[in-house]
Every structure is written in C-alpha cells, then in structure tokens.
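Q: okay, sequence plus prediction incoming.
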Amino acid sequence: MMNKTGNINLSIFLEIHNLQLNEKEEEAILLWRETIHKSTLGPVEKSMFTWLLTEQVLRFKNRQLIAEYKEFIFQTVQWIEGNWSEAENHLYLSLSRDVFTVHLAIYYATLMNLKNVGYEPIIQKTATAIRDRVFEKHLKGGMVICSPTHPFASTDLLLTVLPFGLFSPEDLVMVEAVKEIESSLVKQENVYASPLSNEHSELSVGLMAWYFLEKGEHAELEYYLNLMKETDETTLHIKRIIDTYISSKQNDVTITHEPFGNENKYEPQVFERFPRVPVEGEEVNVQFTAPFSSEASANVYVKTSSETMVKTANYINGKKPYWKANIGSYSAHEEVVYYIEWKENEKTITSPPYTFYPLEKIDIRGVSGQQVSDQKFEFWPEHAHSPLSLTIDLGQKSIQILKKNCSNHKDNKLKVNDILAEQGLPKLYEDHYIAPITLLVDRFGNWVDLSIRFYSPLQERFFGMGERYHQLEYRGEELDCYVYNQYRDQGARTYMPIPFYISSLGYGLHVDTSKYTRFDFAKEFDDLLSISISQHPQGEASIQFYKGTPLEIVSDFTKQTGPADMLPTWAFGPWMSSNNWDRDEVVRAQVDITTELEIPSTVLVLEQWSDETTYYIFNDAIYEPTDGSYALSYEDFTYPEWGRWPNPKMLVEYINEHGMELILWQIPIMKYLNRQHHPQKDNDEAYMIDQLYYIKDKHGKPYRIPEGWFKESLLMDFSNLQGAKWWFEKRKYLLDIGVAGFKTDGGEMVFGEDIQFADMRLGSEMRNEYPNDYIKAYYDFAQEYRPNNTMTFSRAGYTGAQKFPAHWAGDERSTFAAFKRSLIAGLSSGLSGVIMWGWDLAGFNGDIPTAELFIRSAQMAAFCPIMQYHAESKAEFNQDRTPWNVAKRTKDDRAINGYRFFANVRMNLLPYIVEQARLATSKGIPLMRAMVLECPSDPKTYSLYDQYFFGDNLLVAPIIEERAERRKVYLPSNKWVNLFNKEVFQGSQFIEVDAPLMEIPVFQKNNSCIITNLSETNPKLGSYVGNSVTLYNYPALHISADQSFSYEGIDHLNEKWVVNVSLLDDSTVLISIDSCHDKLSIVYTNTFENNISLQISERSEQIEVASGETVFIEIE
C-alpha cells in the first residue's frame, strides 16, 4: 500500500501510537527503536518521536526509558528551545517554509509530556512561549490558521487536537477552523488539505473522521468514514486508531441508534427515536446512522403481540446523513420491539433489539369533592378510573395532586372551581374538548407526566420564570424549565429557569419540583394556561400559590424558597475581569493601569489562573505529584521566577493593597484530556473513581458528560459529603492565601434521567438542581473560612438560587441587541427572586464593542446589583473589555472617560446601593426591579423592559438603541428629580428626555434621601473617591421634598442615619440630621410649587430656595 502523504515517518508515528492505544507495549517500543535507528528524522519528526517516547512512559509506567534515551531527549529539547520559532518545511504538505501551527503543537505536546514525566520543569517556559505565539500570530477571523504566511484553515490543524492536544475539539478557534474546512475544502466526495491543494487528500478525510469521533458527532463521523477509501497507508493507521477508539474491528460497519440520544431536550441527535417516549397513537420514527452506497439498503423490523412488520428506511443525505423509517403508531402499553437491518451486497449488519411501551393518555374532565377540615378540600375524578386526588389547602395556599384512590364518592358534592374562585385563584379549564387534567401513565401505572390547565382571561399577563432573555412578559409564549448552556443568542433558553410566575391578576404560582416543566401561556389556545409537570414514580405534583401585590408575591416566594443572602460590601463596587489575564505580570499591569487612570475597582476576577487541568493548581507551579487522596498545601508548591505565577500569595496581597478582592474561576469537573496525560489529574481521577465520588450512569459506571463543553469529563457529585470534603481540601490553600470567592461557572452538564447521585436523586431532578448543589457547596466552603466576607459568582441556577449570591447573565455578544437581552434577563431574574445579578457589560464575545456601546452599557451596569466587564479568551487581537483597551481598539478615548465617570458614580452611590441591597435581601425583593413590581396597577408598565427601579428611590432608563441621544421615559405617579442635573418632572406621564452619550436618564423619587460618598474637593456625582469600601471621603445627602418625611437608614459602613424633613409652615422647611459625621453636605432640591425657606437644624440662618432649584449646603 502506498504512502501518499510524502512522509513515511508520519505513517510510522501513527502506527506506533495505535500500538500504544491497544496497550501493545513491547511492539510499540520495538518499532519506535527500529525507526529512530534506521530512519533519518528531521527536527519536527524527532519531536514527534520524543512525544511517542513520553507516551510510552506515561501509559506503561516505564521510567527507565527516560534514562535510556536521555541524550535523544536532550537533543530534542535543545533543538526545540533554540529553534521552535524558526521556519521549517511542513511535516508533509507542499507549502513554503514557515512556522506552522501543527509544528508548534508538536513541540508544545512534547515539552508538556516531558514535564509530566519529570523532566526539568523549566521547559514549561518554552511551552508557554509556544502557546503564546499561537494566540498572538496563528489566529485570524476567530479561527486558528495554518501559519502566518498561510492564513487559512487546513486539515493538518486537526493534528493539533489529536493526538497533540494543543486544542480540544470544543475550543472555539478550532470549531471555527473546522467550519471553514467543511465550507471551503470539502467538495462532494473530495476533501482537500488546504486551499492551495488541487487533489483529494485521503489523510484529510481520516483526520476529519478522527476529529468528529473525539467531538462525539456521530453523523459527521459516519460521513467521513464513508468517504475513506483506505488506499493510503497513513490513513489506514488513522482508521485503525478510530477503530481502537470505538472498540470495533477494522472494516466493521456499525449501526448507531440510541433511542434517547444524549437526552438533550433541545439538541436531538440524528440517530434517535422520535419521540423518545411515545404516547399511544403517536407516529414513531426511528433514525440511525449507517454507511450508504447505491447497493446499501436498510429496514426496521417491528414486532408486537399481534403482528410483525418490515418498514423501509430511507437515506437522508447531507453533512449529517442518517436513515429514517416511520414505524407507525401503537396502543397504550403495547410491547413494541424493533431492530434495524442494514445490507450491502453480501454484507448484513443487524442492531440489537429495542423495546418501548407507549404511554397511556388519561383525560380527567370532572373533578368534585368535599371539605375534609377547616382549611382543606379534597377532590377526585368523577368518571376516570385513575387513582388521583387533588387537595386544596387554603392555609398553605397550595394544590397537591397525589396518586391516591377516592374512599367515598357519594359525598363528593363540591366543585373544585367554586373553591378556587372564592380564593381569587385561577379556575381549572372547563371545555368539552380539552380536559383540565391529563395524565401520561406507563405500563406499571406510574405517572410520567401530569398536565393541569387553568382558564386565563385575555387581559392576564405573566412575568418571572427565571432568567429569560427574549421578553419580559409571556402571554402567547411557551416556556420550559430546563437548565441549559446556550452559548449566545439564548432566546427562550436559559441557564437559570425557575418554575414560578407572577400574574397581573394578583396571584403568583410556583410548581414545587426540580423536574422538567412546561408552561403554555395561552399560546395554543388564547384563554388557556397549561402547565405540564414531569413526575416522580410515586406520582405527586405540588403547586404553591401566592396572593398580593407583585412585590408581596415575589417577597413571599423568595423567603419560602430562600432566604436570600447578602453580599459583602466590596462586591458592590466595579469589577474588572478578562479571560486573557493568564500571568502575574499581566494582572499587575492591569491593576496599575486602572490605578493610574483613577478608574475604581473593588473586585478582580481571574479565569486563566490554573493549570487548566486540575483547576486547583496555579499554572507552572512545581510539585511532586501525590496520590489522589492528598491535599497539597501552598507550601508544597514551588513557584519558579520564570513561571506565570511566581508568587501567588504576594499577588493577592498586591491586589488587596490596591483596594480589590480576588475571585478565582472554577468548574465542577474532573477534566477529560482528549487522550492526554497529567500525573496529578490522573491520580485525582483514579482516587475519585476508587472512592465512588462520581455520579453513576444508568449502568452504574462513572458518568461522563456526553456532549458539549468538557465532553467526556467526570462531573463532581457534591451530594457525596465525603467526596465534597475531599474536593475542597484541595482548594483550601486558595482561601488561606486570601482568595475572596469563586466564579462558579458551568453546572449545566447533567444529561440522562437515570443517572444517579450519592443521595439517591436521579438525573431527572438533578438536571435542574445540580447547579444549586454545586454552587451551595462552594458557597458553604468559602463561608466556613470567610464568614460573611465571601461570595460565589455563578451562571446557572434554579429555584432558590438567591441563597448563594450572585449570578451573571452568561455568554453574550457585544451588540446593542444583546445589551437589550441582558437587561431583560436581569429584570426577569429579579421577578423570579434572584436579587444579586450582573452581566458582562457590553458583552464578552465577538469583536470589541464600540465606545458607544461600552459607555451605554457601563451606564446601565452602574445601576444594577453587580457592575462588571469581562472578555472571552485570546484571539487575533486583544479582546479585553477594559476601558483602555476598548479605547485603543476603537481609537476613541471616550471609552475611558465614559467608563471612569460611571465607575466613579458607582462608588459615589455605594452607601445607597449597599443600604438598598440589605433591605432587598431582608425583604426578599429584587434590587433591580421591573416597573410592574412597583406599579402593578398601571398596565402601561407591563411591557416596559427598558427602564426599571434600582432600589426604592431611583428610576433608571438606560439608552439601549444605537446612536440614540433621546428617549421616552415613563414616570409613575409622584414627582421625580433627575439625579444628575436635578431637573424636576411631574409623574404619571411619558416624558422625552435628552441623553447625549455621556448621560443616562436616572430619576430620584421625590420625598426621599439618598446618601452618597463624594470627593471633598469636587463634591459631585462622578468624582473620584478611590476603591475604599470602609470609609467616607465626603458624605453628601441628596434630598428632594415637597412635604414632610422621615428617613432612617444603615449605610455601607453599618452606620445609622436619621433624617427628618419637616414643613414648619407653607414656606419653611427644616432638615435635621442625626449621624456620626460632623462634616457632610446636603444637596437639596425644592419640589414645592412655591419658593421656600430652608433651615438646617445645625444652623440658625435660612436659605431661600426657589421652586425647582437645587442648593448645595456644607455642614461642619
């Protein structure tokens, strides 16, 4: 067989690697020795074979090879360190000399493996430089490229994933490169190695198949396997590697059919059954993947108790090809067994059998019952022979539906809707065609799903449902509650669903379950609200009602599912964050710049701090790997001067000295390394499995994430208390050196209803509940060491998320459209009881935001619970969302000035923000409030998503339209004072206000007092007061009044303020202040219709203030 790559050593390399994968230790090392002695290896090839040697050591624990080939290794390392950045001929493509990305991946993998087998740690310095070079010069248009002088996607890049591991299959720059390969290099049945190639590349086909196998995309794998001719020796070795990966013999043809796919409700696989769980009378389609040719055919054989059928499968062509057969519909609980048969000429492949039993659909139309106690009423079906009882508890304001037989039908005279109507609760839907309650029941009588339907008047509106991005009010929408990682453009999908809504008719409803729910808010029928609830086997549904105003409803809900917890004061200042800050010198530079520019920040977030493998060890730290049981302390590590983090403890001290706290990124996984090795991670994983700290799949084996982010990784089970203790012991030293909290990312990783946790909960519950388990574990861990002085910052959550603050809105683009969606997400989160919320202002993904978007976003973020900028990982250009980088990239210094002003405003308002956050937490109401919460009787507020209350006394109307410098604002009843220019407005109307780029419309409620901290030399909002959260620079009270009122509040320093504004007569106002401060100022706006005389209790003179005028008064 010919080798068409032009490099026989690449073919031998792959042959040896396949022997290693098949655990053929002796054969592998013999062929390796033979090759290095007989062949002439170029420097790139020598690096490849050094990597093979380290793989031999790591896989078979044969450390003698290191000593035996010490000189060979030394020569390789010496050459890489001296020449890695020099141009070379490509390993096998006919391209002009350059520094190729695939070569850098080989060098990098070789050095990292050598480090892992105990070679001199300083080689990490060169490995880091190589990786830096890739991100600095080998990315373009959001994707990795072949080389700087060959700036295109090419199939050799796939080797950087497998076997060399510079990238993972899910890395976005690699995903984009593969998209480009498929778009420009895959032409019908031909695959080209690069845009400069003019002939089909069999090796490229093999590399594509290998990539998609590792990525878990079976349809694409099948597509490229079908294209493989195996006429090339190198490709044949790749095919053998693929066969090894999927544990099948060479030339075997496979049928892939998984009835439930990966159990992802939003992204089904092409090889699933549709529907996954059929209901009686539903048409069932069987889809599967298998090779196709003109001679190939496939049938599905179906057997029931009454007949056997053969259904022809049709081949559906495309980049994700599959076969499909409609096998018909069936009766309830009928056993349906089917299998798939594929034929091509004389070859026949048969799948295993699959069985399902269609669910029975039971409609319950009439429900009547009796009073069983003072506050309880129990109801049963009048006709359906189904064990079901519906209990209304007036004391608890709840409906309980249980699987329970009726004991005495003759006394059932009460109608359920009579009781619901008396309580002002929604009535069950009464219609000849639509049942108020429907059950889906399996063959054992277990409830699988329960749907309950209520009448909804046309004027009813619905709010809440967790963090939603697409709109604030849901009539005409169908929403479900399913924790999901939707990268950008979330639509109705969300990281944080909550099965709770507030109705404009004066009630709230919460489905008290962790299982999957669906809400049809009058979408299918315009007067019907339908709620579908996935069931526990025992059959039970609990619906909790709340009565009152929207604020009362959300307060009661938050307290019942909470209570909410308060953040430390430092969390309310501006935050700085970027995924690009991956070393000490970079972090210090960012801190220095923000300090020099007098841009305040009280929190710094680091994401790229760890080894990206264990996620608890600082990158480049030197240590002796231990068995997985042991928790390394800070002193067990050596932090070399050449490393990225030469002294983490001193860095934390440096950050603290500049008035900031440090938060570190975390993820709850034991990472799968795409066939790579890492001694400490491998030991940790082995111990985790040995101690049964893992989640069990349906077969009792370790559950591995089946798709997406961190595919194939183990997921930590925090319900295993011993396991959680082990997990956090390894991270305790981080708190010891002063880390203040954790950015608890992810958690949307539970796929499979039958996977099992240590406390016996199943995946059907833990899909939604896992983020709370994970975050609570981190929150409690941090609180143990830093009581009331720590936090978590999380993306995912579910009911009760307010107990472990705070949360952010997840991944969004840098566009005005995404800005709007994030604003809606914040308001809907608040409507659902999530009090502490923030977002990546101006987005974190895509090209750098314009200065306009950055400033407008900063304005809004200054008036929400968390103010943070953040950026995604390195790309072709610096993507940091720091104001100075935005200014540099956009060539617009307004980004610096605009952000600085509103970051200063944030610090000025810290006394008010902390006071209001404390009140919001204690009351269980959001700090950032949709208008409907404050003005529920005003229908004009139902659709207002672009303005909101921030605490009790500020109304914020951000500019969310590009190039807009004017907007409409709805002012509720009362008078309102522009916070910045002090203009007075009458309420109960829409007004038009100017808002040039550096201004945001914010209004203070009349007859209120807002405490601020201003610069003594420039006592105005926007003045610089530094990062301190423990002292005042100069207190200033913003007061507006046209009547007497009293104010009593506790500021961010826990200091009490008492302010009395008294109208002594028609034209005289007295202000008295009781506080611990002798030196302060009052900014008073006269909102009376007439001029008044203002007297301060500490002074004898009066100040004349015209109607609508604002005066500044210093008190010493």
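A: All right, it came through fine. Keep in mind it's a predicted model, so treat the numbers as computed, not measured.
Q: if we look at the helix or strand bottoming out on mean pLDDT in the chain, which residues are touching it?
A: In the chain, no helix or strand scores lower on mean pLDDT, DSSP states H and E than helix 218-227, which sits at a mean of 88. By Cβ atoms under 8 Å, 6 or more residues apart in numbering, the residues outside helix 218-227 that reach it are 189, 191, 205-206, 208-209, 212-213, 242, 256, 269-271, 289-293, 319-322. Every residue, glycine included, has its C-beta placed from N, CA and C.
Q: what inclination does whichever helix or strand comes after it have with respect to helix 218-227?
A: The C-terminal neighbour of helix 218-227 among helices and strands, as given by DSSP states H and E, is helix 233-245. Interaxial angle of helix 233-245 relative to helix 218-227 (axes from the mean of the first three to the mean of the last three Cα atoms, to 10 degrees): 140 degrees.
Q: tell me which helix or strand comes right after helix 233-245.
A: Assigned by DSSP H and E, the successor of helix 233-245 is strand 273-274.
Q: which helices and strands does that next one pack with?
A: strand 284-288 (3 or more Cβ pairs under 8 Å, 6 or more residues apart in numbering; DSSP states H and E).
Q: and the strand it packs on, which strands flank it?
A: With DSSP bridges as the test, strand 284-288 is paired with strand 273-274 (antiparallel), strand 322-328 (antiparallel).
Q: Val1111 is nearest to which of those?
A: In terms of Cβ to Cβ, the element of these nearest to Val1111 is strand 273-274, at 71.5 Å.
Q: contact partners of the closest one?
A: By Cβ under 8 Å, 6+ apart, the surrounding residues in contact with strand 273-274 are His257, Pro259, Phe260, Pro268, Val284, Asn285, Val286, Gln287, Tyr354, Phe356.
Q: return the backbone torsion pair for the fourth one.
A: Here is the backbone geometry of Pro268 (degrees, to the nearest 10): phi -70, psi 160.
Q: contacting residues for it?
A: Gly261, Phe274.
Q: from Asp565, how far off is the spatially most central residue of the chain?
A: For the chain, the residue nearest the mean C-alpha position is Arg795 (4.4 Å; Cα atoms, centre = their mean). Look at Arg795 and Asp565: by Cβ to Cβ, to the nearest Å, they are 18 Å apart.
Q: Asp636 against Tyr623, yeah?
A: Yes: if you go by Cβ atoms under 8 Å, Asp636 and Tyr623 touch, sitting 5.7 Å apart.
Q: can you redo the strands paired with strand 284-288 as CSV with mean pLDDT and distance to Glu961?
A: CSV is the format used below for the strands paired with strand 284-288 (pLDDT from 0 to 100; distance: least, Cβ to Cβ, whole Å):
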stretch, mean pLDDT, distance to Glu961
strand 273-274, 98, 42
strand 322-328, 98, 44
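Q: figure out which of the ones you listed is closest to Leu734.
A: Of all the strands paired with strand 284-288, the one in closest proximity to Leu734, counting by Cβ to Cβ, is strand 273-274 (46.1 Å).
Q: in CSV, list the strands paired with strand 284-288 along with distance to His218 and mean neighbour count.
A: CSV is the format used below for the strands paired with strand 284-288 (distance: least, Cβ to Cβ, whole Å; neighbours: other Cβ atoms under 10 Å):
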stretch, distance to His218, mean neighbour count
strand 273-274, 15, 19
strand 322-328, 9, 20
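Q: Tyr469: which of the ones you listed is closest?
A: strand 273-274 (27.7 Å).
Q: roughly how far is the closest one from the heart of the chain?
A: Relative to its chain's centre, strand 273-274 lies at 28 Å (Cα atoms, centre = their mean, to the nearest Å).
Q: tell me where the stretch 101-250 of the chain has helices.
A: With helices called from DSSP state H, counting those that start in this stretch, the stretch 101-250 of the chain shows them at 101-116, 123-137, 172-184, 202-215, 218-227, 233-245.
Q: among those, which is nearest Asn1006?
A: helix 172-184 (49.8 Å).
Q: tell me the buried residues in that closest one?
A: Buried residues in helix 172-184, defined by neighbour count with 16 or more other Cβ atoms under 10 Å: Leu172, Val173, Met174, Val175, Glu176, Ala177, Val178, Glu180, Ile181.
Q: excluding covalently adjacent residues, which one is nearest to the last one?
A: Closest residue to Ile181 in three dimensions, ignoring its sequence neighbours and counting by Cβ to Cβ, 6 or more residues apart in numbering: Ala153, at 5.0 Å.
Q: poorly predicted segments of the stretch 301-450 of the chain, please.
A: 384, 407-411 (pLDDT under 70).
Q: how about the strands of it, start to end?
A: All strands of the stretch 301-450 of the chain, identified by DSSP state E, counting those that start in this stretch, fall at 308-312, 314-316, 322-328, 336-344, 347-350, 354-356, 360-364, 367-371, 376-381, 389-393, 398-402, 414-415, 437-441, 447-455.
Q: any chance of those in JSON lines, plus distance to Phe525?
A: What follows is these, written out as JSON lines (distance: least, Cβ to Cβ, whole Å):
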{"stretch": "strand 308-312", "distance to Phe525": "35"}
{"stretch": "strand 314-316", "distance to Phe525": "34"}
{"stretch": "strand 322-328", "distance to Phe525": "29"}
{"stretch": "strand 336-344", "distance to Phe525": "32"}
{"stretch": "strand 347-350", "distance to Phe525": "46"}
{"stretch": "strand 354-356", "distance to Phe525": "30"}
{"stretch": "strand 360-364", "distance to Phe525": "15"}
{"stretch": "strand 367-371", "distance to Phe525": "20"}
{"stretch": "strand 376-381", "distance to Phe525": "22"}
{"stretch": "strand 389-393", "distance to Phe525": "22"}
{"stretch": "strand 398-402", "distance to Phe525": "21"}
{"stretch": "strand 414-415", "distance to Phe525": "22"}
{"stretch": "strand 437-441", "distance to Phe525": "14"}
{"stretch": "strand 447-455", "distance to Phe525": "9"}
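Q: no further queries at this time; thank you.
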